[in-house]
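> Would you be able to build a 3D model of this:
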Amino acid sequence: MKAMMLTGIRQMEMKNVPDPEIKSPKDVKIKMRVLGICGSDIHYYTHGKIGSQEVTYPFTVGHEGAGTVVETGSAVKRVRTGDLIAIDPAMPCWTCDQCLAGRHHTCLKLKFLGCPGQAEGALSEYIVMPEESCFPLSGKLTPDHGSITEPLAIGVYAVKRSGDVKGARIGILGFGPIGMSVMLAAKAKDPEALYVTDKINARLSIALKEGAAYAGNILKENIVEIIKKKEPPGLDMVFECCGQQEALDQAVDILKPGGKLIVVGIPEFSRWSMDVETTRRHELSLQFIRRQVDCVEPALKMMKSGRIDIKNMVTHRFPFDRTKEAFDLVADYRDGVMKAMIDFN
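Here you go, the predicted structure:
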């Protein structure tokens, strides 16, 4: 089969590699249909690592996928050959103390698609995943819905961990696919107002289409001053979704006393810093988000019911053999890209 593999910093090549094989009775072999490009894929593409997770070349990234089941192990019951499925890229052990405590997203032996040292990614014609990572798509759900389920589940989980968002005044700093996923999940819970910031005007236009009360470009506006003027007491909660120190500082400034800061973004640096006086005097709560727990099915149900509509999420499409072009587009934030998708057919 063919796989698009990282071969160096900002380098990719299509290579012929062996087809993956069913090895466990609960394995599922999947023919890939679509794959969304994630910010973490771009970190590996442009820097070769995220924290201690460093690429050894050649390596295949990609984890936001949907595909068709072509073969199953003898014990598989959830899906069958021919099913269109969403793929959860996480492969927990299900036996460690974290898994047994219902925290399989922090599994001590976790394997994750497209993560160096754990598992090759989904930028290939076929992959094999455990049954627990396969979720059937039914009704009006398409391969795009299946692929978007991965970031959307993170948004659903982040909103769930934030508490009751109904009637809340919410900030979302960084409006890439994760920021948009948080917004879509929050919007479905009836907040009072959503305040969005980013550096790309095209993304801010999407935020306004989705109902943001304010969408500000941090390169052109003093967003802290503007939001404070609109909401003098401050915001109830802020989701940091871009992994930038500047955004974290802005979040602290626009939160009301007793407010909650939810950190969803993945930074390229190794340490955050926070203003001690403001965070202490305002008694701010801090919640870090590590992917999601049991939110794939809720995300699918919300899309299927229409409570979440992803029509504004996918902005660009590329065939499999033009994957590098897609990665360069996303890495350079060109053409107002929100989510770029790779089509395998």
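> where do the helices sit along the stretch 51-200 of the chain?
With DSSP state H, counting those that start in this stretch, the ranges of helices along the stretch 51-200 of the chain come out as 97-100, 143-162, 177-187.
> For Lys29, which non-adjacent residue is spatially closest?
Spatially, and ignoring its direct neighbours in sequence, Lys29 is nearest to Glu71 (3.9 Å; CB to CB, 6 or more residues apart in numbering). No exception for glycine: its C-beta is placed from N, CA and C like everyone else's.
> Sorry, slip of the keys, the one I care about is His145.
Met303 (5.3 Å).
> orientation of the strand or helix carrying the one you found relative to helix 143-162 in degrees?
Following DSSP states H and E, one finds Met303 within helix 296-305. Orientation of helix 296-305 against helix 143-162 (axes from the mean of the first three to the mean of the last three CA atoms, to 10 degrees) gives an angle of 120 degrees.
> which residues sit in contact with the residue lying closest to Met180 once chain neighbours are set aside?
Residue nearest to Met180 in three dimensions, not counting chain neighbours: Met313, with 6.1 Å by CB to CB, 6+ apart. Met313 is in contact with 148, 177, 180, 338-339, counting by CB atoms under 8 Å, 6 or more residues apart in numbering.
> would you turn those residues into CSV with distance to Leu113, pLDDT and neighbour count?
Converted to CSV, the contacts of Met313 look like this (distance: CB to CB, whole Å; pLDDT from 0 to 100; neighbours: other CB atoms under 10 Å):
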residue, distance to Leu113, pLDDT, neighbour count
Ile148, 16, 98, 28
Pro177, 17, 96, 28
Met180, 22, 98, 28
Met338, 22, 97, 19
Lys339, 17, 98, 24
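> farthest pair in those?
Among the contacts of Met313, the pair separated by the greatest distance (CB to CB) is Ile148 and Met338, at 10.9 Å.
> Need the residues touching each of these two.
313-314.
> how big is the angle separating the helix holding Met303 from helix 177-187?
On the basis of the same axes, to 10 degrees, helix 296-305 is oriented at 70 degrees to helix 177-187.
> Packing partners of helix 296-305?
strand 134-136, helix 143-162 (3 or more CB pairs under 8 Å, 6 or more residues apart in numbering; DSSP states H and E).
> Please compute how far that helix lies from its chain's middle.
15 Å (CA atoms, centre = their mean, to the nearest Å).
> and the helix or strand that that helix is followed by, how far out from the chain's middle?
Sequence order places strand 314-319 as the next helix or strand after helix 296-305, per DSSP H and E. Centre-to-centre, strand 314-319 and its host chain are 17 Å apart (CA atoms, centre = their mean).
> ok, and what's touching strand 314-319?
36, 144, 148, 202, 325-326, 329, 335-343.
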